[in-house]
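# sequence and computational prediction follow.
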Amino acid sequence: AISSWLLTSITSANEQNTITFNYTTLPDLQQLYANDNITVTDLVTDLVYPSAGMYNASPGQPADAAYKANFFNDQKNLESINFKNGKVVFELADEARQDFGMSNLRKRLKCIKIYNLVGNSYNLIKKIDFYHSCFIRNSSHPYYDGNNDGIFEISEIYNPDKSKRLKLDRIEITGSAGINPQVYSFEYNNYTDNYGMPEQLAKAVDYWGYYNGKFANSLVPRTDIPYRPRSVDNQEMISIGASAYGTREPDPVFMQSCMLNKITYPTGGYSKFYYETNTYSPTNSPSDIKNAGGLRIQKIENYSGISPVPEVKTYVYGENESGFGNINFDMHAYFFTAPQTRRYWMPGAPGDPPKQAVQTKQVRTFSANPSFSLETYDGSPVAYKYVTEYLGDGTNNIGKTVYEFNYSPDYVNTVSGIGVHVVQT
């Protein structure tokens with residue numbers, strides 16, 4: 001099925017100039033996504049006596065519900081852009097990307113070449129080379145799934161290749177002669193075994209998918225729920241989901257794993273970047289601040305390469321520099337739960353209706369992820385109406401700029417007649 005549309009051409013209003021976009025089709029990409037669902041069955045009720053005995057209660061188990069979904073898709077890669085006086089060519093590397101696995105045949109972008117058309121010949125005027133390597137973690141953890149069977153056993157052999165993620169190390173820009181490149185290099189936050197990203201299907205992510213270092217045996221957050229096996233039984237509370245509470249909460253330290261922290265420029269100058277976690281207050285109080293998914297910039301230091309003293313810009317968020325923004329997501333429990341009532345039908349006895357329901361049961365499916373994306377239409381889980389930029393470190397400053405933004409929150413509505421909750425924006 002078609003999942004997106006690609007731009008193929010742009011024609012000027014006078015129809016004298018046309019820009020065309022050319023694509024190449026890459027082989028199917030197999031992508032694995034880890035998810036968990038736990039199904040709890042209870043409130044078995046006999047409608048006809050004696051009971052047909054077809055329904056049984058079950059509290060559900062995380063190990064029974066873990067699964068990985070396979071997705072295959074054809075990918076169109078932009079190969080070239082042609083225009084009246086030249087073209088731009090995008091070249092892929094010969095080798096396959098290691099973070100996708102050799103069998104997927106996906107390739108990284110190797111270089112971009114810009115040509116000028118002179119007569120019938122294309123002359124290279126600029127080339128941009130991209131140099132990559134991979135983040136990699138060298139140690140395992142108790143919930144490593146070495147054989148991808150959805151069962152996490154400490155005895156499984158750890159394969160560091162499963163933690164690989166592509167990163168850009170530097171860019172080199174050269175002219176037509178191909179000499180004296182302008183080099184931009186990139187460095188990242190410490191990615192040692194303590195904070196390095198785990199294997200790609202590790203169950204150590206917060207609700208937004210950011211790494212949080214909290215390895216668990218299930219992505220379904222540990223939750224206490226009421227449970228009554230049969231309608232005539234007494235209600236009890238049971239725990240479902242992960243082996244510990246709080247395994248899906250954001251972590252301000254682990255979230256910064258592998259983040260870009262330095263760019264060095266061809267002049268010898270460089271910029272350093274510092275981050276902090278998005279925060280919000282459910283009660284709009286500075287004494288009740290909570291972390292959300294994602295990072296915001298906290299400080300940028302720009303070094304000229306000549307003076308050891310940097311130009312510093314520091315950012316403070318929230319109204320009156322409260323430090324928190326407006327919550328821009330909804331995490332009500334009903335978005336993680338899908339309840340159903342099921343009926344078991346049997347042929348009726350002589351004189352009865354042809355079919356009748358003899359038993360019912362309640363089936364609740366608890367999901368690791370909500371029924372809608374926590375990534376809002378705005379693109380951020382927290383919205384900041386005010387951001388203050390200081391020219392300085394926040395204490396010793398030579399000036400500041402206060403930016404004010406409009407913000408319209410999403411809200412939850414209930415579909416009339418069926419009681420389904422939806423988010424409207």
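Yep, that arrived.
# for the rest of this, base every contact and every neighbour count on C-alpha atoms.
OK.
# neighbours around residue 218, how many?
For residue 218, the tally of surrounding residues (other Cα atoms under 10 Å) stands at 32.
# need the nearest residue in space to it, chain neighbours excluded.
Nearest residue to residue 218, sequence neighbours excluded (Cα to Cα, 6 or more residues apart in numbering): residue 242, at 4.7 Å.
# these two touch, right, the one you found and residue 215?
No - if you go by Cα atoms under 8 Å, residue 242 and residue 215 don't touch, sitting 9.5 Å apart.
# ok, residue 98 - contacts?
Neighbouring residues of residue 98 by Cα atoms under 8 Å, 6 or more residues apart in numbering: 134, 161, 164-166.
# ok so it is a helix residue?
No - looking at residue 98 with DSSP: H, G, I helix; E, B strand; the rest coil, it is coil, so not inside a helix.
# how close does it get to residue 163?
Residue 98 is 10 Å from residue 163, where distance means Cα to Cα, to the nearest Å.
# okay, residue 203 and residue 220: tell me how far apart.
Taking Cα to Cα as the measure, residue 203 and residue 220 are separated by 10 Å.
# for residue 229, which non-adjacent residue is spatially closest?
Distances taken as Cα to Cα, 6+ apart place residue 42 nearest to residue 229, at 4.5 Å, with adjacent residues excluded.
# so residue 320, which of the three states?
Quick answer, by three-state DSSP: residue 320 is helix.
# got it, and residue 82?
Under three-state DSSP, residue 82 comes out as strand.
# nearest spatial neighbour of it, chain-adjacent residues omitted?
Nearest to residue 82 is residue 20, by Cα to Cα, 6+ apart, at 5.3 Å.
# please confirm that the one you found is located within a strand.
Yes - judged by three-state DSSP, residue 20 forms part of a strand.
# who is it paired with across the strands?
Counting by DSSP bridges, residue 20 forms beta bridges with residue 9, residue 82.
# from residue 223, how far off is the residue nearest to residue 218?
8 Å.
# ok, residue 259 next?
32 Å.
# likewise residue 261?
37 Å.
# same question for residue 111.
Taken as Cα to Cα, the span from residue 111 to residue 223 is 49 Å.
# now residue 315
Relative to residue 223, and taking Cα to Cα, residue 315 is found at 37 Å.
# who has more neighbours out of the two?
Neighbours of residue 315 and residue 223, each counted by other Cα under 10 Å, are more numerous for residue 315; the result is 23 against 16.
# which residue, other than its chain neighbours, is closest to that one?
Using Cα to Cα, 6+ apart, the closest residue to residue 315 is residue 389 (4.7 Å).
# just give the number of residues close to residue 408.
10.
# so it, which of the three states?
coil.
# any low-confidence regions in the stretch 1-150 of the chain?
For the stretch 1-150 of the chain, applying pLDDT under 70 flags the ranges 1, 27-34, 49-53, 61-73, 100-104, 138-150.
# ok, the helix or strand hosting residue 358: who's next to it in the sheet?
Element membership of residue 358, judged by DSSP states H and E, is strand 355-367. With DSSP bridges as the test, strand 355-367 is paired with strand 18-46 (antiparallel), strand 337-347 (antiparallel).
# what's near enough to touch the residue nearest to residue 82?
Taking Cα under 8 Å, 6+ apart, we find residue 20 in contact with 8-10, 81-83.
# what helix or strand does the closest residue to residue 209 other than its chain neighbours sit in?
Distances taken as Cα to Cα, 6+ apart place residue 293 nearest to residue 209, at 7.9 Å, with adjacent residues excluded. According to DSSP H and E, residue 293 maps onto strand 290-303.
# so residue 341 touches residue 362, yeah?
Yes - taking contacts as Cα under 8 Å, residue 341 lies within contact range of residue 362: 4.7 Å.
# any buried residues in the strand holding residue 358, and which?
356, 358-367 (16 or more other Cα atoms under 10 Å).
# residue 294 is in contact with residue 275, correct?
No - Residue 275 lies out of contact with residue 294 (Cα under 8 Å); the separation is 9.8 Å.
# between these two, which is the more surrounded one?
It is residue 294, of residue 275 and residue 294, that has more neighbours when counted by other Cα under 10 Å, with 22 against 19.
# and the more buried one, how far is that from residue 278?
Following Cα to Cα, the distance that separates residue 294 from residue 278 is 6 Å.
# which neighbours do those two share?
Counting by Cα under 8 Å, 6+ apart, the common neighbours of residue 294 and residue 278 are residue 381.
# give me the number of residues near residue 11?
Residue 11 has 11 nearby residues by other Cα under 10 Å.
# equivalent analysis for residue 386, please.
21.
# same thing with residue 248?
Neighbour count of residue 248, defined by other Cα under 10 Å: 28.
# tell me which residues touch the residue nearest to it when sequence neighbours are not counted, please.
In this structure, residue 248 finds its nearest non-sequential neighbour in residue 206, 4.1 Å apart by Cα to Cα, 6+ apart. Contact partners of residue 206, counting by Cα under 8 Å, 6+ apart, are 212, 247-251, 293.
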